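Chemist: Provided below for reference: sequence and predicted model.
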Amino acid sequence: MGLPNNPPAEIKQANSVSVRQQPIATQQAYRHFPYAQAEQNQLIIVSSYATGKDKRFEFMDVEAGKALMQMIYAAREEGIWIIPVSGFRTIEQQQQLFQNQIKRLGSAQEAAKVSAPAGYSEHHTGFAVDLTDGKFPKQDIKLQFETTDAYRWLTRHAKEFGFEMSFKQNNFQGISFEPWHWRYVGTPDAAAIFSQARNQR
């Protein structure tokens, strides 16, 4: 789950077969905006997460992934341990997550307050990532992340590396506060992907 002591000279490129670009919807679903699924050959590995049978590799867009690595190592210089928990996510993976939330909360409307429907997750783009504090692993994807040093560091410095929090408290979309969820908008192309969401903040 950790990272090497020094930044890698070259971040490993994913060699998986390309995933077909999914058609993008034109309207919101439960106040979530539609996003196309990134091609697999546009992604790089940014971390491994968990151990044993639960271990998985996390991917991001090349540009966003390199910026994330720069941010993680800058934080480390100040004694902050930021770990990527979840990066790129396929339409199929999001569908399963959303269905699980419907079962837990009883309706799609309620589920959409805490999870995006398939085809509407920022994670599809490869430019969004969920982060946690490596010193407090039991706070992954929980509101308690807001109390960690990693979160406080991100609120001060993430913008220097092109990242911003997607779902702040009382956001206009009515999505639950997600202190762990950050998106990369550090280039014009990246910012354009989230233009609908950013223009209505």
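Modeler: Cool, got the structure.
Chemist: residues near Pro137, how many?
Modeler: Using other C-beta atoms under 10 Å, Pro137 has 13 neighbouring residues. Quick note: C-beta positions are derived from backbone N, CA and C, even for glycine.
Chemist: Ile141 versus Ser115, what's the distance?
Modeler: 11 Å (C-beta to C-beta, to the nearest Å).
Chemist: the two: who's more crowded?
Modeler: Per other C-beta under 10 Å, whichever of Ser115 and Ile141 has more neighbours is Ser115, with 25 against 15.
Chemist: for that one, give me its contacts.
Modeler: Applying C-beta atoms under 8 Å, 6 or more residues apart in numbering to Ser115 gives the contacts 94, 97-98, 101, 121.
Chemist: same thing but at 6 Å, please
Modeler: Counting by C-beta atoms under 6 Å, 6 or more residues apart in numbering, Ser115 touches 97-98, 101.
Chemist: where does Ser115 land in three-state SS?
Modeler: coil (DSSP: H, G, I helix; E, B strand; the rest coil).
Chemist: skip the chain neighbours and tell me the closest residue to it.
Modeler: Of all residues not flanking Ser115 in the chain, Gln101 sits nearest, at 4.5 Å (C-beta to C-beta, 6 or more residues apart in numbering).
Chemist: contacts only, for that neighbour.
Modeler: Gln101 neighbours (C-beta under 6 Å, 6+ apart): 111, 114-115.
Chemist: assumed it was part of a helix.
Modeler: Yes. The assignment for Gln101 (three-state DSSP) places it in a helix.
Chemist: do you know the pLDDT at it?
Modeler: At Gln101, the predicted lDDT confidence score is 96.
Chemist: helix or strand for Leu154, which one?
Modeler: helix 149-157 (DSSP states H and E).
Chemist: output that helix as CSV, nothing but the C-alphas.
Modeler: In CSV, the C-alpha atoms belonging to helix 149-157 read as follows (Å, rounded to 0.1, in the frame of the first residue of the first chain):
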residue,chain,number,x,y,z
ASP,A,149,-3.2,15.7,8.4
ALA,A,150,-3.4,14.5,4.8
TYR,A,151,-6.8,16.2,4.2
ARG,A,152,-5.6,19.4,5.8
TRP,A,153,-2.5,19.3,3.6
LEU,A,154,-4.6,18.7,0.5
THR,A,155,-6.9,21.7,1.3
ARG,A,156,-3.8,23.9,1.4
HIS,A,157,-1.7,22.5,-1.4
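Chemist: excluding chain neighbours, what is closest to Arg56?
Modeler: In this structure, Arg56 finds its nearest non-sequential neighbour in Tyr49, 5.7 Å apart by C-beta to C-beta, 6+ apart.
Chemist: and that neighbour, what are its phi and psi?
Modeler: phi -140, psi 140 (degrees, to the nearest 10).
Chemist: that one and Ile83, how far apart?
Modeler: Noted for Tyr49: a distance of 7 Å to Ile83, by C-beta to C-beta.
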